[in-house]
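S.K.: coordinates only, sequence not included:
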Ligand SMILES: C[S@@+](CC[C@H](N)C(=O)[O-])C[C@H]1O[C@@H](n2cnc3c(N)ncnc32)[C@H](O)[C@@H]1O
């Protein structure tokens, strides 16, 4: 198909011209920038998520938008582009067996030790708050000896995470005890929402971090790294690089928690399985 014919076929019924070539360009850019490998068939998703950016910038086609992105060195637009293309699905206590294992980590704390935890793809915050709730329950106090770092590449979800305000449906599956103890129901204009209590929020620091960055400016060692349901978007060599940067930050007796469909059999020199989608440092035994 000629390029013009292809553009016509692709843009039928669409507000903006969006060709196969534009899709390939988006794919390359988000892969280079965030490691995200967009599958074939994601054209409609890309179109609907980025069309908003074109409207905001009053541009007429995807190629104009992508030219702008690549030539203008517009850091804010690069961030908006990245935010638009991330997938942020998450929930409180997702994959609950991980939180049971985390309780065992807490139970082994040395006297006086402050435990550092890192949630490396925190999305809208449900995961780091689940870590904080687990800590509060394990230590029987709202000020447990735990500090949580929550990072994500997407600044918009991080802002939501930091606010700690959720529609009530988001906590519907939590036990009544957890809802009562760790959340406050909104009143008036906040009716229908709930807010995580301040004591839990104060256990967590939120920061933007791209897992693709050459080095992570973080201070460990972390007793646990939760890096769940993000590696799935990366190819194997990228997963390996991320693990290579992360492992020196994990305590020798620390645990690495992965998502339910993530496995690292290609990186056994870095991580060794020690439970259902749970890993430890491969060099821990030798140390
Ligand atoms: C599907 S969510 C997973 C959220 C949570 N970890 C969970 O399992 O419920 C994936 C998250 O990874 C983030 N992400 C994608 N690429 C990233 C990167 N290169 N660096 C850091 N975070 C990234 C996305 O912004 C998104 O919030």
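M.R.: Happy to help now that I have it. Because the structure is a prediction, the values reported are computed rather than measured.

S.K.: What is the burial count for residue 274?
M.R.: 12 (other Cβ atoms under 10 Å). Every residue, glycine included, has its C-beta placed from N, CA and C.

S.K.: thought it was touching residue 255?
M.R.: Yes - at 7.3 Å, residue 274 counts as touching residue 255 under the criterion of Cβ atoms under 8 Å.

S.K.: Now do the shared contacts for those two.
M.R.: Taking Cβ atoms under 8 Å, 6 or more residues apart in numbering as the contact rule, residue 274 and residue 255 both touch residue 280.

S.K.: Name the SS class of the nearest residue to residue 216 once chain neighbours are set aside, please.
M.R.: Once flanking residues are discounted, residue 216 sits nearest to residue 245: 5.7 Å by Cβ to Cβ, 6 or more residues apart in numbering. Of the three states, residue 245 takes helix according to DSSP: H, G, I helix; E, B strand; the rest coil.

S.K.: what sits against residue 245?
M.R.: 211, 215, 216.

S.K.: Would you agree residue 149 falls within a helix?
M.R.: No - in this structure, residue 149 is strand, not part of a helix, as judged by three-state DSSP.

S.K.: Count the neighbours of the closest residue in space to residue 97 that isn't next to it in sequence for me.
M.R.: Taking Cβ to Cβ, 6+ apart, and ignoring the residues beside it in sequence, residue 97 has residue 276 as its nearest neighbour in space, at 6.0 Å. Residue 276 has 12 neighbouring residues, counting by other Cβ under 10 Å.

S.K.: Could you say whether residue 276 sits in a helix, a strand or coil?
M.R.: Going by three-state DSSP: residue 276 is coil.

S.K.: Contact residues of the stretch 1-150 of the chain facing the ligand?
M.R.: 34, 35, 36, 86, 87, 88, 89, 90, 94, 121, 123, 127 (Cβ under 6 Å from any ligand atom).

S.K.: What about the residues you listed, which are in helices?
M.R.: 34, 127 (DSSP state H).

S.K.: Are any of the residues of the stretch 1-150 of the chain next to the ligand buried, and if so which?
M.R.: 34, 35, 36, 86, 88, 90, 94, 121, 123, 127 (16 or more other Cβ atoms under 10 Å).

S.K.: can you redo those as CSV with pLDDT?
M.R.: Below are those laid out as CSV (pLDDT from 0 to 100):
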residue, pLDDT
34, 97
35, 96
36, 96
86, 97
88, 96
90, 98
94, 97
121, 98
123, 98
127, 98
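
S.K.: Redo the contacts of residue 245 as a markdown table? Include neighbour count, secondary structure and pLDDT.
M.R.: Shown next, in a markdown table, are these (neighbours: other Cβ atoms under 10 Å; DSSP: H, G, I helix; E, B strand; the rest coil; pLDDT from 0 to 100):
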| residue | neighbour count | secondary structure | pLDDT |
| --- | --- | --- | --- |
| 211 | 23 | coil | 98 |
| 215 | 6 | coil | 90 |
| 216 | 18 | coil | 96 |
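
S.K.: Thank you, goodbye.
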